[in-house]
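Asker: Next input, structure requested:
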Amino acid sequence: MTLIYNWLIQQFVDDTTIAHLSLALVLGTVIGMERQWRQRTAGLRTNALVALGAASFVDLAHSVATTSAGVTQVIAYVVSGVGFLGAGAIMKEGTNIRGLNTAATVWCSAAVGAAAAADQVQVAVVTTIGVVFLNVMIRWVLGRFESNATAVPTVPMPSRFVIRIVCSRDHAAPIRSLLLQALTQAGLTPSALTSSNGPEQVQITAQLTGDSMEIAPWLEQVVARLGGEPAISDIGWHHGTSM
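Answerer: Sure, this is the predicted structure:
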């Protein structure tokens with residue numbers, strides 16, 4: 001064990017690439033743990049991969065670029081590329097926009113990876129601490145402010161939600177049962193459940209009515225749970241106008 005430990009330490013000393021990528025992976029994982037805990041779209045794996053990928057590109061630029069301008073150019077490409085990746089986490093639901101904080105967190109993970117590969121260890125660590133602090137502590141502070149604010153009582157209007165599944169005809173019955181079971185476990189009762197048969201596939205549609213703030217998070221979990229079924233080729237949900 002001592003020989004292995006000494007060999008690993010020597011590898012870190014001789015090859016800075018290993019140290020850079022390891023630091024980026026650890027810090028990206030720290031950022032992703034908070035996102036995974038809150039069950040966001042971009043969780044632990046996404047943030048760790050973004051940090052590792054950004055570090056790999058910047059470290060590679062340090063190895064092959066002949067001038068500092070070349071390294072700076074690669075960092076600029078990483079920033080713009082991760083911007084497109086973060087845009088995929090932003091979703092618009094009616095007048096509400098979700099995923100902005102998740103996209104910003106992914107962008108910060110890329111900054112952490114780039115800083116680690118540029119041998120700016122202090123910048124990478126401080127940025128990681130800042131991201132986790134903002135996502136955890138600031139959320140709590142804002143919640144306290146909102147709870148102390150004078151709220152105008154409103155009567156929530158029930159909304160109609162539709163969850164749609166496309167699967168093969170041979171597995172329609174089991175998938176329908178799994179859908180009902182998942183909805184029941186989430187405390188949801190569909191007001192209607194219909195099937196539309198095609199030549200090879202069946203579209204199963206379940207309609208639900210209730211408060212948007214209560215039903216939407218549960219539907220996200222139902223879709224995530226059933227999305228891994230091999231027989232399901234497409235699954236999603238949306239909400240329509242108020243009933």
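Asker: Report the separation between the residue nearest to residue 17 when sequence neighbours are not counted and residue 49.
Answerer: Excluding its sequence neighbours, the residue lying closest to residue 17 (C-beta to C-beta, 6 or more residues apart in numbering) is residue 59, at 5.3 Å. Glycine gets a C-beta too; all of them are placed from N, C-alpha and C. Separation of residue 59 from residue 49 (C-beta to C-beta, to the nearest Å): 15 Å.
Asker: the more surrounded of the two?
Answerer: For residue 59 versus residue 49, neighbours defined as other C-beta atoms under 10 Å are more numerous around residue 59 (24 against 19).
Asker: ok, the residue nearest to residue 17 - contacts?
Answerer: By C-beta atoms under 8 Å, 6 or more residues apart in numbering, the residues touching residue 59 are 16, 17, 20, 21, 117.
Asker: for the protein, where's the lowest mean pLDDT among helices and strands?
Answerer: strand 91-93 (a mean of 58; mean pLDDT, DSSP states H and E).
Asker: Do you know the pLDDT at the residue nearest to residue 17?
Answerer: As predicted, residue 59 sits at a pLDDT of 88.
Asker: Could you list the low-pLDDT ranges of this structure?
Answerer: Applying pLDDT under 70 to the chain picks out residues 1, 4-15, 38-42, 86-99, 139, 142-157, 212-213, 240-243.
Asker: So what are the structural domains in it, by residue number?
Answerer: Domain assignment of the chain by automatic domain parsing yields the ranges 2-148, 159-242.
Asker: what distance separates the longest one from the centre of its chain?
Answerer: In terms of C-alpha atoms, centre = their mean, to the nearest Å, the gap separating the centre of domain 2-148 from the centre of its chain is 13 Å.
Asker: ditto for the last one
Answerer: Per C-alpha atoms, centre = their mean, the displacement of domain 159-242 from the mean C-alpha position of its chain is 22 Å.
Asker: The protein: strands as residue ranges?
Answerer: With strands called from DSSP state E, the chain shows them at 91-93, 96-98, 159-168, 192-197, 201-210, 232-242.
Asker: Kindly calculate the angle that the third one makes with strand 232-242.
Answerer: In terms of direction (axes from the mean of the first three to the mean of the last three C-alpha atoms, to 10 degrees), strand 159-168 departs from strand 232-242 by 160 degrees.
Asker: quick one: strands adjacent to strand 159-168?
Answerer: Using DSSP bridges, strand 159-168 pairs in its sheet with strand 201-210 (antiparallel), strand 232-242 (antiparallel).
Asker: To residue 69, which of the ones you listed lies closest?
Answerer: Counting by C-beta to C-beta, residue 69 lies closest to strand 232-242 out of these; the figure is 45.5 Å.
Asker: What are the buried residues along the closest one?
Answerer: Buried positions in strand 232-242, judged by neighbour count with 16 or more other C-beta atoms under 10 Å: 232, 235, 237, 239.
Asker: Turn these into CSV, columns for distance to residue 218.
Answerer: As requested, the buried residues of strand 232-242 are exported to CSV (distance: C-beta to C-beta, whole Å):
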residue, distance to residue 218
232, 18
235, 15
237, 10
239, 13
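Asker: could you measure residue 204 against residue 23, distance?
Answerer: Going from residue 204 to residue 23 by C-beta to C-beta gives 47 Å.
Asker: Revised request: answer the last question for residue 73.
Answerer: Residue 73 is 23 Å from residue 23, by C-beta to C-beta.
Asker: Pick out whichever of those two has more residues nearby.
Answerer: Taking other C-beta under 10 Å, residue 73 and residue 23 do not tie; residue 23 has more neighbours (22 against 13).
Asker: Would you enumerate the residues in contact with that one?
Answerer: Residue 23 makes contact with 55, 116, 121, 124, according to C-beta under 8 Å, 6+ apart.
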